[in-house]
Structure formats: structure tokens, C-alpha cells
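Peer 1: sequence and predicted structure, then a few things I'm wondering about:
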Amino acid sequence: MNKPKAPWLKFYGDAIPETIEYPQGSMYEAVRFAWESHIYDNGYKNAAYEFQGKETSYPEFFKKIDRVAKAFKAIGIGKGDTVTICMPNAPQGIDAFYALNRISAVPAMIHPLSAEGEITFYVSHSESKAILVLDMFYEKVLEALKNVDHPVKVIVARIKDELPFPLNLLYPLTVKKKPAPLPKDNKNVIAWNDFINGGKSVSALPDEYPDKDDTAVILFSGGTTGTSKGIELTNLNMNALGYEVSQSACFPMTNLKMFSVMPLFHGFGLGVGIHTALVCAATCILIPQFTIKTYARDVLKYKPNVIVGVPTLYEALLRCDGFEGADLSFLKGVFCGGDSLSIELKKKVDAFLKEHNAPVQIREGYGTTECVTASCLTPYDFFREGSIGIPFPDIFYQIVDPQTDTEVPYGTEGEICICGPSVMKGYLKNKAETASTLRTHDDGNVWLHTGDLGTMDEDGFIYYKQRLKRLIIVSGVNVYPSQVENTIDAHPDVLLSCAIGIPDPYKIHKVKAFVVLRPGVEPSDKIKEEILEHCRKNISKYAMPREIEFRTELPKTLVGKVAYRKLEEEEEAKAKAKENSEE
């Protein structure tokens, strides 16, 4: 392998283990073991999570898991069944996630802002028997389920039910659009409290727990052909990530608070923001929706010890009001992933942290949803400019020639491949994509091909260069241009389209679509709005084109393909010209 045996050892000695002993059971058991290992510690008093000021202790958390598990059993969910969770970072979503694992069922995590067409696909592809959704989104779910060819129970949760007094009374007054009442004539729609009460008919839960190699969760990523792929992650994948992150952090996470602002459907949010915290018996500060207006208030109110986020979140850190004169000395870890952290942004964030008494620097990680999330991390107290870090314990990196899968020398650019216990089981019902992504190399090991280009130095530091495949990252979330293009091209007046990412001061990138209309159809605001409305029904809000530019033709490559890179270069030149004119 083109990687020193254990690069952490060279810099930290025995502070980072060369290998880790991982739990051999379920996610639920790993969290329970963490709590039971610390309940007798002197001064241990951590809650499992805190939501809007309301704490849930670990003993109460496990009681809630059992209650929800019984409720799922009562509606017919059992071993191997899939349930879609379409929730923000709220207690019901966390409780349901571990309750399903408790009864050997599988949660499939999706974005609450998913479009109807996407929800139809997710539920159908995963064969979900039920879906948990927040009340403000349930009508969209009901519309999506009209195109699903099997019955699906819809469990509707409310934020107000988990709020402390008097917020639970005031919250409905703050909601601009009131959720519609639940239909009385649809027996497949169940209010959360009724769902929980139904579980009282179940006397006991099974003694059997899932195996380490059983599918624990399904996360969805976009497909290069426009179709999303369900990524099957095992209990070992999830537990290994938690243990790797906790060891690589270089500080004990027990008794600490994690600022859990990254969403549940995101590998970073679920794997690090939630599961890593819980397998360390730490506390998750659940933030259901990130806004720049409440960022400083929440950080200073809850005083989290660990913050995880995408570059967009840290860019917001520098712009939001409320941190003037603030003391951030309570921070022990500040981690960034989901997109490349520019050198300049790192310098600015590090300066901000130092100015506010934080004894840490921002640390960058890299990974893909196919290995849950991060697989390497920059060291605790130093970095190499441009590097995305050193692989975690038990994680191996290989840089290979994309054409031959042959390992290349140090410093030579090639495809980044990853091997280790957090690498996925495979793509749900997609053997061809699985075989293309998980390949056995000459060393006999199965390697995850990331589709990213990079290099490795002799000390094991990894350097990300660029993507082999087209991808737009909006606020840390992957957007596949082909999905946007396929949706736009389905409009009857569209002949051809091309979607690219263009710079955005807040989201880092946003989607812009170039559209060629069919002969005889003239560009107009009406057609533009029709295209956007068509997109709203079929792609997520974050993947929506923010700009549409009509053209009579699109640039082509020598083989006749749309030259998307040419369009990107045009936009880059426009942005640079604008920047120069403002100077």
C-alpha cells in the first residue's frame, strides 16, 4: 500500500492507536455500552441530547428508544424492514433511528426538502413500509405516495411536542404556514403521539440485535446518470467511524457537547454529529435548522465543545453578528468537511478562533458517503498547506492510475481510493454500480474508488485536487448536474440543457442552467417559470437552478458532447471581471 504503516504514530506516538478494537454488534449496543461504561464515572452527568433547552438523559433516551421500537412493532415493522425518516435534527428522528436499529429494521434517511418525485423514488427503491415526517411536510409526502405501488404508513411528528414549557405553547405562533390537520379518513396516516400509544400493546422487544455486517442505514446520493443511489452502510461502518473520529480527535469526547447542526440525511451530520457523539457518551445539541441569525446565539447559549460543519457554516461564522467580544475558550474541536476548505478561509477562521480565545484551529477532513463521511483528518495542532489530512487508524489510502488501477508513486496525481472498516456494503439493488465503485486490487483488498483525484506525500498526507466526475456542491450537499439536466430536458419546450456550479458568496456554489429551447419556441419569463416549477416538483430545493440562461446552442466537444467546462470557464471569467471592476 502506498501509505506509511501508521502515519499518526510518526506525529503523535502512542496518543493515536495504530489499530482500534471495534464493537461487533449493533449501533444501539455501541451507544448503550458507551453510556454503561461511564455511568459510574465521578461527575458524569451528560444528557444524550438537548433540544431547544430541553435535556433528555441517557436513561430516558433508552426508554424512548424502547417505546418507539414497540410502536414500530405494533404497526408491523420487523427485522429487515425499511422505514424512511424524513426529519430535521429533532428528537423524534433520533429516537426513531435507534429504535429501528433496536428491532433490526433499517432507517432510510432523506432530506425533508426533497421534491415529491424524489420521495416517490426513495420510498419505492427502499421498499419502505413507513415514513416518519414532520407535520409541515406531510402533505407533500402524501402526494408523493400516490405514485408508490405499495402501502406506506405515514407517521407525522410535531416540533412543539418536544419543546419545553413555555416554548411548546409559543412555537405554533411563530410558524408562518400552519400545517394542515391530519386526514381523519386515512388510516395510514398516524399522529406521533397516537403512534407511541399504539406501542403499548407490544409487551416485549426481541432479545436479538443486528449483526455488525447487517445493513444499519441507507443514505442516498445522486447518480451520475441522474438516478439516486441508495448507499447501504452497516453497523460496523457506523461504529467504526465513531471510534475512528473519537481517537483521531486527540481529546476525550466523554462529557463533551457536540453542536449537531449538520442534517440527519447527511453522512457527516448523522455519522459524526450524532452517532460519534453518542458512542462517546457525549451530548448532542440538536439544531433543527441552521440560520445565520441564530448561529452566534446558539453557540454562546449552549457552549458546545465540538463543532462540525461545511465551509458554508464557517463562512457564516465570520459574517454573523453576536460574536463581538465573545469568549470561545470552551471549544476543543472545530471540524470541517463536505467540501474543500480553501486555504484563505482556513486562515480567516483560525484567526477568528484565536481572537475569541479558542485554543484550537479548524481541522479539515475528507471522505464520501460511501464510507459514511470522513476518512482522514488534519492533525490536532498543525497542518500542511493544501492537505486534507492523514488517514484515520485502520483506514488506508491508495492513489491509483484511473485507467489501470495501478498504484502511482508519491506525489503523482491519481484517483483517491479508500480501504477500511467504514467502507460501505454497496449500493442498494445496484450490482453494476457497486462493482464499479468497490474493486479488488492486486493486493487482494477491496478499495472504494472515490472518483476524486489527488496525491499523497511520503508522510501519508493526502492532497485533494479535483473530481473525475461532474459534481456541484451546494452548502456541503452533493448536486449531480445530470439529475438537474434530465429534469429540465423533460420539459416539452426544452431541446437541451447543461447545469453547472457557479460561485455564490454564501453557499460557495449555486446551480445555473443553460437551456436551448426547441425550434419555434421563443425564450420568455413564462417558459422560465414553467421550467422552474417543473424542477420544484422533481428535484430538491438545494439542487434548484438559481439562474437559467437561454441560448440558441451550447458549446460542444470534438466528440459532440456538451462542453460544460467551457461554460464554467465563461462564468469564472465573468466573476473575475466583476471582482476586478469592484476593486
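Peer 2: Done, it's in.

Peer 1: who are the packing partners of the longest helix along the chain?
Peer 2: In the chain, taking DSSP state H as the definition, the longest helix is helix 564-582. The contact analysis (3 or more Cβ pairs under 8 Å, 6 or more residues apart in numbering; DSSP states H and E) places helix 564-582 against strand 494-504. Glycine gets a C-beta too; all of them are placed from N, C-alpha and C.

Peer 1: using CSV, write out every CA atom in the strand it packs on.
Peer 2: Extracted in CSV, the C-alpha atoms of strand 494-504 (Å, rounded to 0.1, in the frame of the first residue of the first chain):
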residue,chain,number,x,y,z
VAL,A,494,-36.7,22.2,-24.0
LEU,A,495,-34.3,20.7,-26.5
LEU,A,496,-31.1,20.6,-24.4
SER,A,497,-29.7,21.8,-21.1
CYS,A,498,-26.5,21.9,-19.2
ALA,A,499,-26.2,22.6,-15.4
ILE,A,500,-23.0,23.9,-13.8
GLY,A,501,-22.0,25.3,-10.4
ILE,A,502,-21.2,29.0,-10.2
PRO,A,503,-19.7,30.9,-7.3
ASP,A,504,-22.0,32.0,-4.5
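
Peer 1: gap between the most centrally placed residue in the chain and residue 404?
Peer 2: The C-alpha lying nearest the average C-alpha coordinate of the chain belongs to residue 266 (Cα atoms, centre = their mean; 1.4 Å). Going from residue 266 to residue 404 by Cβ to Cβ, to the nearest Å gives 33 Å.

Peer 1: what of residue 148?
Peer 2: For residue 148, the distance to residue 404 (Cβ to Cβ) stands at 43 Å.

Peer 1: cool, and residue 522?
Peer 2: Taking Cβ to Cβ, one finds residue 522 at 50 Å from residue 404.

Peer 1: one more: residue 115?
Peer 2: Residue 115 sits 40 Å away from residue 404, going by Cβ to Cβ.

Peer 1: then residue 189?
Peer 2: Distance from residue 189 to residue 404, by Cβ to Cβ: 54 Å.

Peer 1: show me which of the two is the more surrounded one.
Peer 2: Using other Cβ atoms under 10 Å, the more surrounded residue of residue 189 and residue 404 is residue 189, with 19 against 9.

Peer 1: for the closest residue to the more buried one other than its chain neighbours, which residues are in contact?
Peer 2: Nearest residue to residue 189, sequence neighbours excluded (Cβ to Cβ, 6 or more residues apart in numbering): residue 154, at 4.7 Å. Taking Cβ atoms under 8 Å, 6 or more residues apart in numbering, we find residue 154 in contact with 130-131, 133, 138, 141-142, 145, 188-190.

Peer 1: give me the phi and psi angles of residue 154.
Peer 2: phi -110, psi 110 (degrees, to the nearest 10).

Peer 1: which residues does it bridge with?
Peer 2: Residue 154 has these beta-bridge partners by DSSP bridges: residue 131, residue 189.

Peer 1: so where's this structure shaky on pLDDT?
Peer 2: The model of the chain has pLDDT under 70 over residues 1-14, 40-44, 165-176, 222-226, 557-561, 583.

Peer 1: residue farthest from the centroid of it?
Peer 2: residue 520 (43.2 Å).

Peer 1: how close does residue 492 sit to residue 520?
Peer 2: 12 Å.

Peer 1: can you give me the helices in the stretch 301-450 of the chain?
Peer 2: Per DSSP state H, counting those that start in this stretch, the stretch 301-450 of the chain carries helices over the ranges 311-319, 343-355, 431-437.

Peer 1: thinking again about what came up before, return the member of the contacts of residue 154 nearest to residue 346.
Peer 2: Closest to residue 346 out of the contacts of residue 154 is residue 133 (37.6 Å), distances taken as Cβ to Cβ.

Peer 1: give me the distance between the longest helix of the chain and the centre of its chain.
Peer 2: 30 Å (Cα atoms, centre = their mean, to the nearest Å).

Peer 1: my guess is residue 408 contacts residue 401, does it?
Peer 2: Yes: Residue 408 is within contact range of residue 401, at 5.7 Å (criterion: Cβ atoms under 8 Å).

Peer 1: higher neighbour count, those two?
Peer 2: Using other Cβ under 10 Å as the criterion, residue 408 and residue 401 rank with residue 408 on top: 18 against 13.

Peer 1: and that one, backbone torsions?
Peer 2: phi -100, psi 160.

Peer 1: contacting residues for the closest residue to it other than its chain neighbours?
Peer 2: Spatial nearest neighbour of residue 408, excluding adjacent residues (Cβ to Cβ, 6+ apart): residue 414 at 4.4 Å. Applying Cβ under 8 Å, 6+ apart to residue 414 gives the contacts 399-402, 407-408, 453-455.

Peer 1: can you tell me how far residue 414 sits from residue 481?
Peer 2: Distance check for residue 414 against residue 481: by Cβ to Cβ, it reads 24 Å.

Peer 1: show residues contacting the strand or helix carrying residue 219.
Peer 2: Here residue 219 sits within strand 215-221, counting by DSSP states H and E. By Cβ under 8 Å, 6+ apart, the surrounding residues in contact with strand 215-221 are 26-27, 82, 97, 101, 106-110, 122, 126, 210, 228-235, 237-238, 265-267, 270, 369-370, 425, 428, 478.

Peer 1: mind giving me the PyMOL select for the residues you listed, buried ones only?
Peer 2: Listed next is the PyMOL selection for buried residues among these, using 16 or more other Cβ atoms under 10 Å:
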select buried, resi 26+27+82+97+101+106+107+108+109+110+122+126+210+228+229+230+231+232+233+234+235+237+238+265+266+267+270+369+370+425+428+478
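
Peer 1: show me the contacts of strand 215-221 that map onto strands.
Peer 2: In this view, those that belong to strands under DSSP state E are 82, 106-109, 229-234, 478.

Peer 1: burial of residue 321, as a residue count?
Peer 2: When neighbours are defined as other Cβ under 10 Å, residue 321 has 10 of them.

Peer 1: check contacts around the closest residue to it other than its chain neighbours.
Peer 2: Counting by Cβ to Cβ, 6+ apart, residue 321 lies nearest to residue 296, which is 6.6 Å off, once chain neighbours are set aside. Contact analysis of residue 296 by Cβ under 8 Å, 6+ apart lists 320-323, 326.

Peer 1: residue 296 belongs to a helix?
Peer 2: Yes: with DSSP: H, G, I helix; E, B strand; the rest coil as the criterion, residue 296 is assigned to a helix.
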